[in-house]
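>>> Okay, predicted coordinates and the sequence, questions at the end:
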Amino acid sequence: MKTTVHKAETRGSSDHGWLKTNFTFSFADYYNPERIHFGKLRVINDDTIAPGMGFGLHPHDNMEIITIPLSGAVKHTDNTDGFGIIKHGEVQVMSAGTGIWHSEFNASETEELKLLQIWIFPDKIGVKPGYKTQSFGFDALQNEWLLVAGPVEMEGSHLKINQQAFVSFGKIEKGKQLTYKNYLPANGVYLFVVEGNLAVEGSLLERRDGIGIEGEPTLQIGSMEDSQFVIFEIPMK
């Protein structure tokens with residue numbers, strides 16, 4: 001088993017006034033040759049966007065882009081007639097495929113928007129672009145996780161992505177234990193702590209820390225306080 005811990009304070013960062021971001025992996029002006037990606041997981045950006053502000057229309061191609069709002073609401077538009085306003089408990093997936101232009105704005109004129117932006121390399125190049133959202137009701141979770149995005153071929157109520165990857169949002173109470181078992185044994189797992197303090201395979205993790213684990217298809221998670229987390233189960237090759 002190989003583990004890699006990324007402490008929150010070691011992430012890259014940028015401050016554009018309207019946008020404050022922490023980068024788990026190299027992105028924009030932040031470059032760390034030891035943090036380019038974790039398998040097919042390319043980006044975990046922790047964004048805070050000022051009221052009424054956002055990213056204007058811009059292009060992407062051949063990337064699976066997942067947005068998880070943590071507080072506030074994000075307004076999405078794109079050139080495929082995709083439109084959505086999503087808040088905490090909801091998730092959006094954009095498959096960029098052959099190319100898509102989109103914008104992402106804080107839907108509120110008075111409150112900050114906090115979100116995670118996730119990029120995953122696809123296993124199919126040149127697919128038809130697409131956009132979908134779904135409500136998952138994270139508030140009802142109790143000592144469990146919920147699959148929010150997974151492979152197109154897999155049956156279930158999750159959002160579909162073009163990769164053999166599985167993205168889950170979880171909540172755990174203080175003093176509880178959870179066991180995560182891979183959907184695909186060969187995949188690696190990257191766990192990102194949204195809130196709280198966790199013990200994961202012997203490593204102590206605090207708010208916004210992350211840990212990558214390879215070669216272990218079963219993950220032991222313990223909580224020192226009420227916590228929230230995202231699990232990325234990712235092909236490593």
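That came through, no problem.

>>> Now do stretch 144-151: everything it contacts.
Outside stretch 144-151, the residues within contact range by Cβ atoms under 8 Å, 6 or more residues apart in numbering are 66, 68, 91, 93, 134, 136, 138, 156, 158-171, 178, 180, 183, 229, 231. For the C-beta atoms, the positions are set from N, CA and C on the backbone; glycine is no exception.

>>> what do you get for stretch 154-166?
With contacts defined as Cβ under 8 Å, 6+ apart, stretch 154-166 is touched by 40-41, 64, 66, 91-93, 95, 97, 120-124, 127, 132-134, 147-152, 167, 183-184, 187, 231-235.

>>> quick one: buried residues of that stretch?
Under the neighbour-count criterion of 16 or more other Cβ atoms under 10 Å, stretch 154-166 has 158, 159, 160, 161, 162, 163, 164, 165, 166 buried.

>>> what helices or strands is the helix or strand harbouring residue 103 leaning on?
Taking DSSP states H and E as the criterion, residue 103 maps to strand 100-106. Packing partners of strand 100-106 (3 or more Cβ pairs under 8 Å, 6 or more residues apart in numbering; DSSP states H and E): strand 54-60, strand 73-78.

>>> Tell me which of those strands lies nearest to residue 203.
Set against residue 203 and scored by Cβ to Cβ, the helices and strands packed on strand 100-106 come closest in strand 73-78, at 31.3 Å.

>>> Report the mean confidence score over that closest one.
Per-residue pLDDT values across strand 73-78 average out to 98.

>>> That strand pairs with which strands, parallel or anti?
Based on DSSP bridges, the pairing partners of strand 73-78 within the sheet are strand 83-87 (antiparallel), strand 100-106 (antiparallel).

>>> any idea which of these is most buried?
Mean neighbour count (mean count of other Cβ atoms under 10 Å) peaks for strand 100-106 among the strands paired with strand 73-78, with a mean of 20.

>>> what pLDDT, on average, does that strand get?
Averaging pLDDT along strand 100-106 yields 98.

>>> May I have the helix or strand that comes right after that strand as PDB, with CA atoms only?
Per DSSP H and E, the first helix or strand lying C-terminal to strand 100-106 is strand 113-120. Listed in PDB are the C-alpha atoms of strand 113-120, where the atom choice follows Å, rounded to 0.1, in the frame of the first residue of the first chain:
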ATOM      1  CA  LEU A 113     -20.300  30.800  -3.100                       C
ATOM      2  CA  LYS A 114     -18.000  28.000  -2.000                       C
ATOM      3  CA  LEU A 115     -17.500  24.900  -4.200                       C
ATOM      4  CA  LEU A 116     -15.300  22.100  -5.200                       C
ATOM      5  CA  GLN A 117     -14.400  21.900  -8.900                       C
ATOM      6  CA  ILE A 118     -13.100  18.500 -10.000                       C
ATOM      7  CA  TRP A 119     -11.600  17.400 -13.300                       C
ATOM      8  CA  ILE A 120     -11.300  13.700 -14.300                       C
END
